[in-house]
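1. Next input, structure requested:
(one chain, ligands or ions: 2)
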Amino acid sequence: MTPSPSHSPESSSSPDRLWALIPCAGTGSRSGADGPKQYQVVAGRPMVLHTLAAFAQVERLAGTLVVVSAEDTFFDAVNATVLVAACGGPTRAASVFNGLNALLEQGAAPTDWVLVHDAARCLITPQQINALIDACLPDAVGGLLALKLPDTLKSERGGRVATTVERHDKWLAQTPQMFRIAALQQALLAAGDAVTDESSALEFMGQQPLLVEGSAQNFKVTYRQDFALAEAVLHSRGAALGSGAERS
Ligand SMILES: Nc1ccn([C@@H]2O[C@H](COP(=O)(O)OP(=O)(O)OP(=O)(O)O)[C@@H](O)[C@H]2O)c(=O)n1
Ligand SMILES: C[C@](O)(CO)[C@H](O)COP(=O)(O)O
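-> Ligands and ions are numbered 1, 2, ... in the order given. Predicted coordinates:
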């Protein structure tokens, strides 16, 4: 684990520091990429570095910890001001759980907040992160960015429409998802590895996380065609860099 100069954990009596935890230990099998999708170059730099650039602009964060898999050497060659923990697990939930332990080992308090965000959501903006923090700080539970369904929703049986599903109360879960570290740890322990997001674990504990309006641009790069879309959006924001700009 590499402590960062600007994001090094400090001893503080404040119980309410904010940390970012970036699960970055997936293989990206659905993307068809040659290697983990989070390291594919999009708009001039590896996807995860766009993600980290957004978090680096959120001044309220005490630090950012990236969870990579044991054999991952990507950050050895990157001059990034983050903590890196090689404790990725077989599932996203396991990677997040292990990352929470690493955060505590680095000096985070169990009552501190953690914002968990997919490395593969490289279009997140500092404004969206700050909007989530502002909405969740006064809340007892925490919450997540999410998107109301823009389309009519169908359920399927045998390749045909079974029914049209009422959608006024349906949201697509995004990240970041913001909860207290200890509460999230306990929830993940209880809910198990099958949960696909942090909110599901808190829901398992009977909690009702806050839904905070996200953005369609904050999509997760999942399939092959998503790389081109991410590239186009980043170019439209003027975020494109020369290839490899972040490498030391
Ligand atoms: N064991 C895992 C699985 C996923 N992730 C991370 O969780 C985020 C969201 O997961 P997903 O998009 O499903 O990524 P992959 O598991 O890499 O993709 P796939 O399911 O297509 O293999 C990604 O940033 C991914 O790196 C992780 O840290 N550890
Ligand atoms: C956490 C998440 O991004 C919320 O939409 C998503 O569930 C993670 O992706 P996965 O494919 O379910 O691992």
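
2. three-state assignment of residue 195?
-> coil (DSSP: H, G, I helix; E, B strand; the rest coil).

3. what residues does this structure put near ligand 2?
-> Applying C-beta under 6 Å from any ligand atom, we find that the chain lies next to ligand 2 at 92, 118, 173-175, 196-197, 220. Any C-beta I mention is one placed from the backbone N, CA and C, and that applies to glycine too.

4. who wins for neighbours among those?
-> Neighbour counts for the residues of the chain next to ligand 2, by other C-beta atoms under 10 Å, peak at residue 175, which reaches 27 neighbours.

5. helix, strand or coil for it?
-> Going by three-state DSSP: residue 175 is strand.

6. got a list of what it touches?
-> Going by C-beta atoms under 8 Å, 6 or more residues apart in numbering, residue 175 touches 116-118, 121, 124, 144-145, 197, 220.

7. swap the cut-off to 10 Å and go again
-> Going by C-beta atoms under 10 Å, 6 or more residues apart in numbering, residue 175 touches 22-23, 51, 115-121, 124, 129, 132, 144-146, 197-199, 214, 218, 220.

8. neighbours around the residue of the chain found nearest ligand 1, how many?
-> The nearest approach of the chain to ligand 1 comes at residue 26, 2.1 Å away (C-beta to the nearest ligand atom). By the criterion of other C-beta under 10 Å, residue 26 has 20 neighbours.

9. any idea how far it lies from residue 138?
-> 33 Å (C-beta to C-beta, to the nearest Å).

10. Among the residues of the chain next to ligand 2, which pair sits farthest apart?
-> Among those, the pair separated by the greatest distance (C-beta to C-beta) is 92 and 174, at 13.9 Å.

11. what's the helix or strand hosting residue 84 packed up against?
-> Using DSSP states H and E, residue 84 maps to strand 83-85. Judged by 3 or more C-beta pairs under 10 Å, 6 or more residues apart in numbering; DSSP states H and E, strand 83-85 is in contact with strand 18-23, strand 61-67, helix 92-105.

12. Which pLDDT value goes with the residue of the chain closest to ligand 1?
-> Confidence at residue 26, expressed as pLDDT, is 98.

13. my guess is it contacts residue 121, does it?
-> No - if you go by C-beta atoms under 10 Å, residue 26 and residue 121 don't touch, sitting 12.0 Å apart.

14. Which neighbours do the two have in common?
-> Shared contacts of residue 26 and residue 121 (C-beta under 10 Å, 6+ apart): residue 38.

15. quick one: residue 137 from residue 206, how far?
-> Going from residue 137 to residue 206 by C-beta to C-beta gives 22 Å.
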